[in-house]
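> turn this into a structure:
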Amino acid sequence: MAAYAALVSLTNIMDQIHDHPRLPISLDYKQSESLLENDEAQVLERQIASVAYAAEDVIESHIAYQIRAHYSDNDTEGVDQIHARLTFFLDLMTVIEDMDLIKKRVMEFKEGSRSKDLKPTYSMPTPTSRPITTTKNTMVGFDEQLIQLLHWLTGQPSNLRIIPVVGMGGIGKTTLAKHTYERSLITQHFDVCAWATISQTYNVKKILMQLLSWQSRYDTNEIDRKTEDEIGRGLYQQLWGRRYLIVVDDIWSIEAWDSIQRFLPDNNNGSRITITTRISNLCVHFDSPHLELNFLDEDQSWKLFCEAAFGQEGDVPELEDIGKEIAKKCKGLPLSIVVIGGLLRRSNRTREYWKGIAKDLISILNLGEDDDCLNILSLSYTHLPVHLKPCLLYMGFCVEDTENYVNELIKLWVAEGFIKLNAIQSLEETARGYLNDLVDRNLILRHRLGSNGKIRTFKIHDLMRDLCLKLAQKEKFIYMLKDGYYSRVLPTLQSASLARTLFIIAVGPLMFKHRLLRVLNYPGSMVDDDLPSSISLLWSLQTLTIHGGLFAPSQIWKLRQLRHLNIVSLDLSDPSPGAQQDYFVLRNLQTLVTVVDFALTDEVCKRIPNVKKLSMWFFDREKSSNDYCLYNLCYLLKLESFTCSTRYLDNLLHNIIFPNSLKKLSLEHCGLHWDDLTMIGSLPCLEVLKLKRGSVKGREWNPVEGEFLHLKFLLIYKCNLVYWNADSSHFPILESLVLVGLVYFDEIPSDIGEITTLGVISLYGCSESATLSAMKIAEEQECNDNDGLQVRFEFKNKSQVESFRENMEQLEGFAGNNIQITIVY
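Prediction:
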């Protein structure tokens, strides 16, 4: 993993140097080739990573020195410069020699590997018709799933049916499959029951041998002499005409399934195949429903813990409170509960000992016998594609028990150099694909979707995060320093001169002495601080995130690698026209959030031609809308998301032409009229529109057919809208409608419910008439068997809920299955 990440990062540095017009360094073709030609071998991975990172350090340190010398007032062109260049040359040659030596070792390793009889790993079959375990597997919390699985296995239809069971490692997939497999109902229903366990590196012949092991006359030596096709045909003949159940446990790829499915006949007699997998997207290959296992709740966790820790003896009352605390800390993962329960079952049953276990549960889990928990969780990491491993280990930075934002994580991955550039997608698009892959593998958990339907936030289980952090620190991939006092960690931070990323969760002064920084993420309050002019020396800075307000000097426009500038409130200086040597176009800049009272001049637009996300606030009473030059917005041809907020300029967006690339628009206090939305509705790519407080004036909105053709999400927040004369043709593919604080609103047009793509209507704090109209839409759609539409209401007190329910009772025959009610006090 470390070798791959280091080599990709080094490749990106080489590309930046070759593409940069004015960097004071050059490498000839042979030097670049020597640095980048390498191979990936696990045995030499740490050596590869070390020399690749050393190459980065040498190159970037020299660039940082040359840039500092260029902007220095002192003349350093003499002896110091000559000495610096000589040192750089010698260091670089040393790194190249080390890299060449590593390459020779890798080639020797490869030659040695070819001479060995390396066989793939697989799980050997047992000589019985079902898997055998030394102890009985306890299953708690999946009774409904067990009943559903039994129903699918023994019910209709008669044709061969494949039933996937999906969930993260340790969630209980195999346990559920075993409990089903061993039921008398199943053994009596099926003529043949067979089980095969598949690993990431699988052997088709061995899998087929496992599936034949149910035969009493099974001869391993005779079967082993046959070819794969001969064994497969024999299996096909044995299964032909019989009602069979096959469990394919722990499958990792569709290729593994494709290699055996041709030997499994469809006898049209109710035969079934159960598949367990950690990879959700495998389910799309099977035309059948699937079971997805989730974490246990607290009661279920406690019940499973008692069975694992106390067995038939029952719980010990004096340990019950500590036991419940331990069970709760396992966060609903059955594997963790069983492992820690087994440890406690063999330990001293004293409060002192159990308190120690509760205090440091994560460490104890990973110190259990044979490291069961860690080994099973780490299996998911071991079998990850190499490009996903650094991305997963980076999850060690995630804060426990909180949701993490996808966009922020993607920025970090890109800045760290984990993402390989391809000709089809941007780095960010490729990174999002990586994240979706991790979600599909159940390594991280999707938490919330954004208004565009993409994953907005995610969570990671505590145990998986702990595994990531442990492996990352072992490989010297992450260094995490925990201390409650900023002054104590400051010396350590200052000594890390070659650090590329600083993620500081503390309140203290900004740090810009690390010349090789690519990422600085600082969530402290910076309202009174300024960025120093020396920030221009951070030539490789890509992401700057500060959760506060500050002033940025004009030197920030010299950061050519900058991709994301994310400040809560940014007072940004205008770029200086200056001389040609000071002119840099920020072609990589994609995010500029949030600039205050900033003019979008011609010069600015030239500097940020590829910006995708722009957020601007305007509060200066002394300026007019023309002073901010928003008429230049149309020249930002890559802009996808624009947020605009003001307090005192009602005509700020009057006659503004938005770029056709715009997908998301959020407005607040802009003082538009509803008729002005025609210019917005004509945007061909617009998917998300948020009309917040004071964004639009007037009581009546009359949409025009042919507009908002691609709008998927519409928010109207605390506007004075009364009449909305719309139908389904005005928003043909709308998916979500959110109305908040529309106290004068008359009703939602009933025809809105006829939009076939509409999945959610949400009302919060709206008028009673608007609430009634939403109820009627819900009733009409329920009568039309439209189960896809959910109508959600949020009320501030119980009396509002009671009034709502009384109105529902007046709608005869309305079950209200598609209604969701929330009370917010």
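> look up how far residue 240 lies from the nearest residue to residue 159 once chain neighbours are set aside.
Setting aside the residues directly before and after it, residue 159 is nearest to residue 268 in space (C-beta to C-beta, 6 or more residues apart in numbering), at 5.5 Å. For glycine as for every other residue, the C-beta is placed from the backbone atoms N, C-alpha and C. Separation of residue 268 from residue 240 (C-beta to C-beta, to the nearest Å): 12 Å.
> and the residue nearest to residue 159, how far from residue 356?
Going from residue 268 to residue 356 by C-beta to C-beta gives 59 Å.
> what about these two, which has more around it?
With other C-beta atoms under 10 Å as the criterion, residue 268 and residue 356 differ in neighbour count, and residue 356 comes out ahead with 14 against 10.
> could I get the buried residue list for the host helix or strand of that one?
Taking DSSP states H and E as the definition, residue 356 sits inside helix 351-359. Burial within helix 351-359, assessed by neighbour count using 16 or more other C-beta atoms under 10 Å, is assigned to 354, 357-358.
> how far does it sit from the chain's center?
For helix 351-359, the distance between its averaged C-alpha position and the chain's averaged C-alpha position is 35 Å (C-alpha atoms, centre = their mean, to the nearest Å).
> mind listing the strands for the stretch 601-750 of the chain?
Remark: strands assigned in the stretch 601-750 of the chain by DSSP state E, counting those that start in this stretch are 613-618, 641-646, 664-668, 672-673, 688-691, 696-697, 700-701, 713-717, 723-724, 736-740.
> may I see those strands arranged in JSON lines, with mean neighbour count as well?
Formatted as JSON lines, the entries for the strands of the stretch 601-750 of the chain read as follows, by neighbours: other C-beta atoms under 10 Å:
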{"stretch": "strand 613-618", "mean neighbour count": "21"}
{"stretch": "strand 641-646", "mean neighbour count": "21"}
{"stretch": "strand 664-668", "mean neighbour count": "20"}
{"stretch": "strand 672-673", "mean neighbour count": "17"}
{"stretch": "strand 688-691", "mean neighbour count": "22"}
{"stretch": "strand 696-697", "mean neighbour count": "18"}
{"stretch": "strand 700-701", "mean neighbour count": "16"}
{"stretch": "strand 713-717", "mean neighbour count": "19"}
{"stretch": "strand 723-724", "mean neighbour count": "18"}
{"stretch": "strand 736-740", "mean neighbour count": "20"}
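> between those strands, which one is nearest to residue 751?
Shortest separation from residue 751 across the strands of the stretch 601-750 of the chain is recorded for strand 723-724, at 10.9 Å, computed as C-beta to C-beta.
> mind giving me the packing neighbours of the closest one?
Under the contact definition 3 or more C-beta pairs under 8 Å, 6 or more residues apart in numbering; DSSP states H and E, strand 723-724 sits against strand 700-701.
> paired strands for the strand it packs on, with orientation please.
strand 723-724 (parallel) (DSSP bridges).
> neighbouring contacts of the strand it pairs with?
The list of residues contacting strand 723-724 from outside it, by C-beta atoms under 8 Å, 6 or more residues apart in numbering, reads 699-701, 745-749.
> closest to residue 155 among these?
Taking C-beta to C-beta as the measure, residue 155 lies nearest residue 748 of the contacts of strand 723-724, at 41.4 Å.
> distance check, that closest one against residue 646.
Residue 748 sits 29 Å away from residue 646, taking C-beta to C-beta as the criterion.
> for residue 694, same thing?
9 Å.
> go on, residue 439?
Using C-beta to C-beta, one gets 38 Å for the distance from residue 439 to residue 646.
> what about stretch 246-253, distance to the chain center?
Relative to the mean C-alpha coordinate of its chain, stretch 246-253 is positioned 25 Å out (C-alpha atoms, centre = their mean).
> pull out the buried residues from it.
246-252.
> narrow those to those in strands?
Assignment to strands by DSSP state E places the following of these there: 246-251.
> and the residue nearest the centre of this protein?
If you average the C-alpha coordinates of the chain and look for the closest C-alpha using C-alpha atoms, centre = their mean, you land on residue 435, 4.3 Å from that point.
> need the contact list for that residue.
Under the criterion of C-beta under 8 Å, 6+ apart, the contact list for residue 435 reads 391, 406, 409-410, 444, 455, 458.
> can you tell me which of the contacts of strand 723-724 is closest to residue 152?
Here the nearest of the contacts of strand 723-724 to residue 152, counting by C-beta to C-beta, is residue 748; it sits at 39.7 Å.
> so is the closest residue in space to the closest one that isn't next to it in sequence in a helix, a strand, or just coil?
Distance criterion C-beta to C-beta, 6+ apart; nearest residue to residue 748, sequence neighbours excluded, is residue 773 at 4.6 Å. Following DSSP: H, G, I helix; E, B strand; the rest coil, the label given to residue 773 is helix.
> I'd like to know how far residue 773 sits from residue 785.
From residue 773 over to residue 785 the distance is 21 Å, taken as C-beta to C-beta.
> now swap in residue 443 and tell me
As it turns out, when the distance is counted by C-beta to C-beta, residue 443 lies 38 Å from residue 785.
> who has more neighbours, those two?
In this comparison of residue 443 against residue 785, neighbours counted by other C-beta under 10 Å, the higher total goes to residue 443 at 25 against 7.
> what strand or helix carries that one?
Counting by DSSP H and E, residue 443 is part of no helix or strand.
> which ones are touching it?
Residue 443 is in contact with 168, 278, 380-381, 384, 392, 460, 464, counting by C-beta under 8 Å, 6+ apart.
> OK, contacts around residue 647?
Residue 647 makes contact with 618-619, 669, according to C-beta under 8 Å, 6+ apart.
> min pLDDT across those residues, which one?
Lowest pLDDT within those is found at residue 619 (85).
> may I ask which helix or strand of this structure has the lowest mean pLDDT?
helix 29-36 (a mean of 45; mean pLDDT, DSSP states H and E).
> for residue 574, grab the count of nearby residues.
Neighbour count of residue 574, defined by other C-beta under 10 Å: 13.
> check residue 155 too.
Neighbourhood size, residue 155 [other C-beta under 10 Å]: 11.
> could you do residue 712 as well?
Counted with other C-beta under 10 Å, the neighbours of residue 712 add up to 21.
> that one against residue 451, yeah?
Yes. Residue 712 is in contact with residue 451 according to C-beta atoms under 8 Å; the separation is 7.5 Å.
> got any residues that touch both of those two?
Residues touching both residue 712 and residue 451 (C-beta under 8 Å, 6+ apart) are 687-688, 736.
> quick check, nearest of the residues you listed to residue 149?
Top of the list for closeness to residue 149, among the shared contacts of residue 712 and residue 451 and by C-beta to C-beta, is residue 736 at 33.4 Å.
> quick one: the closest one and residue 630, what's the gap?
Following C-beta to C-beta, the distance that separates residue 736 from residue 630 is 28 Å.
> please apply the same query to residue 574.
Computed as C-beta to C-beta, the residue 574 to residue 630 distance reads 15 Å.
> what about residue 186, which SS state?
Classification of residue 186 using three-state DSSP returns helix.
> what's the burial count for it?
Counted with other C-beta under 10 Å, residues neighbouring residue 186 total 19.
> ok now do it, which residues does it touch?
So, once contact is read as C-beta under 8 Å, 6+ apart, residue 186 ends up touching 150, 153-154, 180, 193, 245.
> strands - which of those residues land there?
Per DSSP E, strands hold the following members of the contacts of residue 186: 193, 245.
> I'd say residue 300 and residue 143 touch.
No. With contact defined as C-beta under 8 Å, residue 300 does not reach residue 143; the gap is 9.6 Å.
> just want to know which of the two has more residues nearby.
Under the neighbour definition other C-beta under 10 Å, residue 300 and residue 143 were set side by side, and residue 300 has more, 18 against 10.
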